[in-house]
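Trainee: give me a model of this one.
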Amino acid sequence: MSLSDNPRIDRYRTRTTVGTPVIDRDAPTVWGEIGDPVLSGFDNDGYAVVDELLDPLEVADLSSEIDRLTVDPELLPDQRVIIEPASNEVRSIFDIHRISESIGNLVRESRIAGLARQLLGSDVYLHQSRVNRMPGFAGSGFYWHSDFETWHAEDGMPTPRAVSLSIALTDNFAFNGSLMLMPGSHRTFVPCQGETPPDHYRDSLREQELGVPSREHITELANKHGITQFTGKAGAGLLFDANMMHGSSANITPFPRANLFLVFNSVENTLLEPFSAPHRRPEYIANRDFAPLL
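Mentor: Below you'll find the model as predicted:
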């Protein structure tokens, strides 16, 4: 193995004590052969929208399953359930593909995992799965960030050879906290400042303050790439690159928003020890069972 092939070399240094310049990404965005026309713009934009990925009956069944889980008295004390700090409503349920058999079966289907295999050029496994909920009037937002920055720093993911799939379980409007993205920002890695404290995930899953870029870097990326939003009917899917700069505002409308969120990682990009954190995060956040989805 040459030095350039060593996955332990930190090519995306972050969580530093002083500011670090942005890094031009040298890793590909598309690693495989794209056969689905809906993914044709992914390399350039860093994302793709798949309308009607799920049909209305499937959305209704999934929504009923999630509604059941959010009020399950045996599940609520589970550490995989994240509660909104202000409203005490369920914000997220992690490891959802293991908690729910129906969701576990869905993620393995070729129309779901197959999209990730095309983009990543290999077999894939689920690095993370969760349901994100933004209740009406009470849903807090997610500040601008790159998921890969966290997965690299705190989970030991070597390169951004991973893709996220967000499936809308409610209509996503421009006004109810829908996801905002900066198309093309996936080609720039923005290091963040500040040392990762032990068990940082306990706070960051509720409200992230560390591992977010500076206002100056956000402004530069927004001026260069612009901002778009993922809006669409329930059942639509949004695929986006691990290093995409994205975020969402709070939901102060009466209309709730809920999304199933799946992170597919290449089996050739499995986790090492964290690059910029003292300990691994729990496996319900950063799965270390690298067996491919079949």
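
Trainee: low pLDDT regions in the stretch 1-150 of the chain?
Mentor: 1-5, 85-86 (pLDDT under 70).

Trainee: for it, which segments count as strands?
Mentor: 23-24, 47-50, 81-83, 90-94, 124-134, 142-146 (DSSP state E, counting those that start in this stretch).

Trainee: the stretch 151-294 of the chain too?
Mentor: Counting by DSSP E, counting those that start in this stretch, the strands of the stretch 151-294 of the chain are 162-168, 180-181, 188-189, 228-229, 237-241, 245-248, 257-266.

Trainee: what count of nearby residues applies to the closest residue to residue 131 other than its chain neighbours?
Mentor: Of all residues not flanking residue 131 in the chain, residue 93 sits nearest, at 4.8 Å (C-beta to C-beta, 6 or more residues apart in numbering). (Glycine included, C-beta is placed from N, CA and C.) Residues lying near residue 93 (other C-beta atoms under 10 Å) number 24.

Trainee: so what sits opposite residue 93 in the bridge?
Mentor: Using DSSP bridges, the bridge partners assigned to residue 93 are residue 81, residue 131.

Trainee: biggest helix in the protein by residues?
Mentor: Assignment by DSSP state H gives helix 56-70 as the longest helix of the chain.

Trainee: what's it packed up against?
Mentor: strand 90-94, helix 96-99, helix 101-107, strand 124-134, strand 257-266 (3 or more C-beta pairs under 8 Å, 6 or more residues apart in numbering; DSSP states H and E).

Trainee: quick one: closest of these to residue 57.
Mentor: helix 101-107 (12.6 Å; C-beta to C-beta).

Trainee: in the closest one, what's buried?
Mentor: Within helix 101-107, the residues scored as buried using 16 or more other C-beta atoms under 10 Å are 103, 106, 107.

Trainee: list the contacts of the second one.
Mentor: Translated: residue 106. 58, 62, 112 (C-beta atoms under 8 Å, 6 or more residues apart in numbering).

Trainee: closest one of the residues you listed to residue 224?
Mentor: Relative to residue 224, the closest of the contacts of residue 106 is residue 112; by C-beta to C-beta it sits at 32.1 Å.

Trainee: just checking, the closest one touches residue 166?
Mentor: No - with contacts defined as C-beta atoms under 8 Å, residue 112 does not count as touching residue 166, sitting 11.9 Å away.

Trainee: pLDDT below threshold where in the stretch 151-294 of the chain?
Mentor: 202-209.

Trainee: for residue 20, see how far away the residue nearest to residue 131 is.
Mentor: 34 Å (C-beta to C-beta, to the nearest Å).

Trainee: now swap in residue 250 and tell me
Mentor: 30 Å.

Trainee: do residue 195 as well
Mentor: From residue 195 to residue 20 the distance is 13 Å (C-beta to C-beta).

Trainee: in terms of neighbours, single out the busier of those two.
Mentor: It is residue 20, of residue 195 and residue 20, that has more neighbours when counted by other C-beta under 10 Å, with 15 against 12.

Trainee: report the contact partners of that one.
Mentor: So residue 20 contacts 13, 14, 191, 193 (C-beta under 8 Å, 6+ apart).

Trainee: ok, the third one to residue 227 distance?
Mentor: Pointing back at residue 191 there. Distance from residue 191 to residue 227, by C-beta to C-beta: 21 Å.
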